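Undergrad: Task: produce atomic coordinates for the following.
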Amino acid sequence: MAFIVCVLVLTGAAYPQQSYDIVIRNGRVLDGTGSPWYRADVAIRGDSIVRIAKTIDEPAARVIDAAGAIVSPGFIDTHTHARRGLTETPTAANYVRQGVTTVIEGPDGSSPVPLGPFLAQMEALKKSVNIGAFIGQGSIRSAVIGSGDRKATPDEIAKMETLVEQGMRDGAFGLSTGLFYVPGTFTPTSEVIALAKVAGRFGGIHTSHQRDDAAKVLDSVRETIAIGEEGGLPTQVTHHKIIGTANWGRSVDTLRLIDEARARGVDVTSDQYPYTASSTSVSSALLPAWALEGGQQAQAARFKDPVTRERVLVDIMKMIRDERGGGDPKNVQFASCGFDPKLNGRTLADAIRQRGFEPTLERAAETTLWIVEQGGCQGIFHAMSEDDVVRIMQHPATMIASDGEVPSFGRGNPHPRSYGTFARVLGVYVRDKHVLTLEDAVRRMTSFPAARMGLHDRGVLRPGMKADVTIFDPARVRDLATFQAPHQYAEGFSFVLVNGQVVFEGADMTAARPGRVLYGPGKR
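TA: As a prediction, the model looks like this:
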């Protein structure tokens, strides 16, 4: 026995154990709470922060010199479409390179149903970021009753409630709605509330792409609030925006509605991306919902009927003139057109001219419908006001979220929000325009979304929290992605760590893939 003890002692002496795996030194710690930064070192062991102190001199397997840069929690994006590309690009470099360490999927009422197999697929995927998901009301409704414009029967509502419960038990963070989209747009508020109550019983939240961000935006905010108030769960206006020049300035009223609701005890918040253009499919943005009911065959039959086609064209003209078209065909830009990639990055006005016509409103409607008939495109719609963007951003109940995806680098012409959202807030709206303080901006990207999602072990730099960390220079951070050249990574970030491992260093992604699936309250 004595011999064994002696061997162990000698072995320990020959190979001294490191106190820490990583120590980040010489940084300005911005802990994510909104408090001012302070100078300190941060020690990490395994996947967690274990110590923060003015000076940490104990040995570490690796020392990272922050060189006076900001050391903050990794950013948490509560509204992404990451499943579009994460399997193909598991590094999610567009997000990591702007400091994002966690992405949440399944917004706008759209998610895999059931959710469990998707999350199992994400568990098996070696990825650089953490990922979680919502369960989508629109996808559930489609699975139960299709895309028809009708009320659900009591039996169908019961089936949908069961699917929400299954989604929450599988690990959803809550229920997302896309009441702007088919089939969500055909859903009565009472039906949404019934499903929201199920998510609420499991501790979930509700987040909504509202029915309308244009002329009926106030009614839409009231509905989002009502879903939370009557459903008994927190509720969120996601990608809060005001569409259409005639509606600019109404953020004053939408924010007043949020304040009034919060004053009477409703837990309502919002999120936002820092751009004056939105992005969705051309058909969803510019065609009336009634024309899209029933799927592609039903749509094709409507478009072939001369009387119905004329009705569709009249409504398209209204959409271009008053809503997402921004009043001019040049304000509609194509992000991705599968039937004709040469249109990527071009505008609706360009497409009209390509067909040999002048870009009048009538020709714009005809060309839009022709594009939908060819298979459609993803679009970018320049129809928002900078004043509304700033006003919404400054509201204390607003957090930052991209509404982006994981694009294949160089493919298509996606909205630059996928590459630049968080860097743009820090560079343009903090440093250049002084819309937010640095401390508050980081809070809106870290502890605020973490608290909203119930991620109690992330979003703040504190011993015992998971070591999702980003290091950046606030004087250099900037977004490079533009609407004309979106495939450009953000600058100013030197290190990003996920679960205690370095996934980005200097100018390159590393080989580490420590990302995890994060589960909502029903699974936890």
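Undergrad: Just the strands from the stretch 201-350 of the chain, written as ranges.
TA: Taking DSSP state E, counting those that start in this stretch as the test, the strands found in the stretch 201-350 of the chain are 205-209, 235-237, 268-272, 277-281, 332-337.
Undergrad: Direction included, what does the second one pair up with?
TA: Looking back up the chat, that one is strand 235-237. Within its sheet, and counting by DSSP bridges, strand 235-237 is paired with strand 205-209 (parallel), strand 268-272 (parallel).
Undergrad: distance between that strand and the chain's centre?
TA: Chain-centre distance of strand 235-237: 13 Å, with C-alpha atoms, centre = their mean, to the nearest Å.
Undergrad: can you check the first one too?
TA: In terms of C-alpha atoms, centre = their mean, the centre of strand 205-209 is found 12 Å from the chain centre.
Undergrad: just to revisit the earlier point, give me whichever of the strands paired with strand 235-237 is most buried.
TA: strand 205-209 (a mean of 29; mean count of other C-beta atoms under 10 Å). Where C-beta positions appear, they are placed from N, C-alpha and C, glycine not excepted.
Undergrad: Spell out, range by range, the helices that occur in the stretch 51-200 of the chain.
TA: 93-96, 116-124, 137-145, 154-170, 189-201 (DSSP state H, counting those that start in this stretch).
Undergrad: picking that back up, out of the strands of the stretch 201-350 of the chain, which comes closest to residue 454?
TA: Among the strands of the stretch 201-350 of the chain, the nearest to residue 454 by C-beta to C-beta is strand 205-209 (8.1 Å).
Undergrad: just the angle between that closest one and strand 277-281, please?
TA: 90 degrees (axes from the mean of the first three to the mean of the last three C-alpha atoms, to 10 degrees).
Undergrad: Low-confidence bits of the stretch 1-150 of the chain, can you list those?
TA: 1-18 (pLDDT under 70).
Undergrad: can you list the strands paired with strand 235-237 in JSON lines and add distance to residue 435 and mean pLDDT?
TA: Shown next, in JSON lines, are those (distance: least, C-beta to C-beta, whole Å; pLDDT from 0 to 100):
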{"stretch": "strand 205-209", "distance to residue 435": "24", "mean pLDDT": "98"}
{"stretch": "strand 268-272", "distance to residue 435": "12", "mean pLDDT": "98"}
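Undergrad: Take those strands and lay them out in JSON lines including distance to residue 422.
TA: Output for these, formatted as JSON lines (distance: least, C-beta to C-beta, whole Å):
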{"stretch": "strand 205-209", "distance to residue 422": "19"}
{"stretch": "strand 268-272", "distance to residue 422": "12"}
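Undergrad: Among the ones you listed, which comes closest to residue 440?
TA: strand 268-272 (13.8 Å).
Undergrad: And the contacts of the closest one?
TA: For strand 268-272, contacts defined as C-beta atoms under 8 Å, 6 or more residues apart in numbering pick out 78-79, 224-225, 228, 234-241, 258, 261-262, 389, 392-393, 395, 397-401, 449, 452.
Undergrad: ditto for stretch 118-128
TA: Contacts of stretch 118-128 (C-beta under 8 Å, 6+ apart): 83, 86-87, 90-93, 96, 111-112, 131, 133, 170-171, 498, 503-504, 509, 512-515, 517, 519.
Undergrad: Got phi/psi on the spatially most central residue of the chain?
TA: Most central in the chain under C-alpha atoms, centre = their mean is residue 79, positioned 2.1 Å from the mean C-alpha point. Main-chain dihedrals, residue 79, degrees, to the nearest 10: phi -140, psi 100.
Undergrad: can you tell me which residues contact it?
TA: Residue 79 neighbours (C-beta under 8 Å, 6+ apart): 104, 107, 207, 238-239, 271, 401-403.
Undergrad: change it to 6 Å
TA: Listed by C-beta atoms under 6 Å, 6 or more residues apart in numbering, the contact set of residue 79 reads 107, 238, 271, 401, 403.
Undergrad: Of those - the most surrounded one?
TA: residue 401 (30 neighbours; other C-beta atoms under 10 Å).
Undergrad: from memory that residue sits against residue 76, does it?
TA: No: using C-beta atoms under 6 Å, residue 401 makes no contact with residue 76, being 8.7 Å away.
Undergrad: Direction included, what does the strand ranked longest in the chain pair up with?
TA: Ranked by number of residues, the top strand in the chain under DSSP state E is strand 20-29. Paired strands of strand 20-29, with direction, are strand 38-45 (antiparallel), strand 60-65 (parallel), strand 70-73 (parallel) (DSSP bridges).
Undergrad: would you turn these into JSON lines with distance to residue 419 and mean neighbour count?
TA: Formatted as JSON lines, the strands paired with strand 20-29 follow (distance: least, C-beta to C-beta, whole Å; neighbours: other C-beta atoms under 10 Å):
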{"stretch": "strand 38-45", "distance to residue 419": "27", "mean neighbour count": "20"}
{"stretch": "strand 60-65", "distance to residue 419": "25", "mean neighbour count": "16"}
{"stretch": "strand 70-73", "distance to residue 419": "20", "mean neighbour count": "28"}
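Undergrad: between those strands, which one is nearest to residue 442?
TA: strand 70-73 (5.1 Å).
Undergrad: what does the closest one contact?
TA: 24, 27-30, 32, 442, 446, 459-461, 470-472, 474.
Undergrad: let's see it at 8 Å
TA: For strand 70-73, the external contacting residues (C-beta under 8 Å, 6+ apart) are 24, 27-32, 37, 42, 99, 101, 438, 442, 446-447, 450, 458-461, 465, 468-474.
Undergrad: again, but for stretch 426-442
TA: 30, 32, 34-37, 70, 72-73, 274, 390, 393-394, 400, 425, 444, 472, 474-475, 477-479, 492.
Undergrad: Of the residues you listed, just the buried ones, ChimeraX syntax please.
TA: To isolate the buried ones among the contacts of stretch 426-442 in ChimeraX, judged by 16 or more other C-beta atoms under 10 Å, type:
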select :30,32,34,37,70,72,73,274,393,400,425,444,472,474,477,478,479,492
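Undergrad: if we can go back for a sec, could you export the longest strand of the chain as CSV, CA atoms only?
TA: Presented in CSV, the C-alpha positions along strand 20-29 are these (Å, rounded to 0.1, in the frame of the first residue of the first chain):
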residue,chain,number,x,y,z
TYR,A,20,-7.3,26.2,-14.7
ASP,A,21,-7.8,25.3,-18.3
ILE,A,22,-8.0,28.9,-19.5
VAL,A,23,-7.3,32.2,-17.9
ILE,A,24,-8.2,35.4,-19.8
ARG,A,25,-6.0,38.2,-18.6
ASN,A,26,-5.8,42.0,-19.1
GLY,A,27,-9.4,42.4,-20.1
ARG,A,28,-12.1,44.9,-19.3
VAL,A,29,-14.9,42.7,-18.0
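Undergrad: before we move on, back to that, how about the residue nearest to the centre of the chain: what's its closest non-neighbour residue?
TA: residue 401 (3.9 Å; C-beta to C-beta, 6 or more residues apart in numbering).
Undergrad: Just the pLDDT for the one you found.
TA: Per-residue pLDDT puts residue 401 at 98.
Undergrad: Would you list the phi and psi of it?
TA: phi -150, psi 150.
Undergrad: ok, it - contacts?
TA: Taking C-beta under 8 Å, 6+ apart as the contact definition, residue 401 lies against 77-80, 238-239, 271-273, 421, 449.
Undergrad: Ok, residue 166 next?
TA: Counting by C-beta under 8 Å, 6+ apart, residue 166 makes contact with 114-116.
Undergrad: try 10 Å
TA: 113-116, 135, 140, 172, 198, 522 (C-beta atoms under 10 Å, 6 or more residues apart in numbering).
Undergrad: Which parts of the stretch 351-500 of the chain are strands?
TA: 377-382, 398-400, 404-405, 469-472, 493-498.
Undergrad: For those, could you give me TSV that also reports distance to residue 61?
TA: Converted to TSV, those look like this (distance: least, C-beta to C-beta, whole Å):
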stretch	distance to residue 61
strand 377-382	45
strand 398-400	33
strand 404-405	34
strand 469-472	16
strand 493-498	13
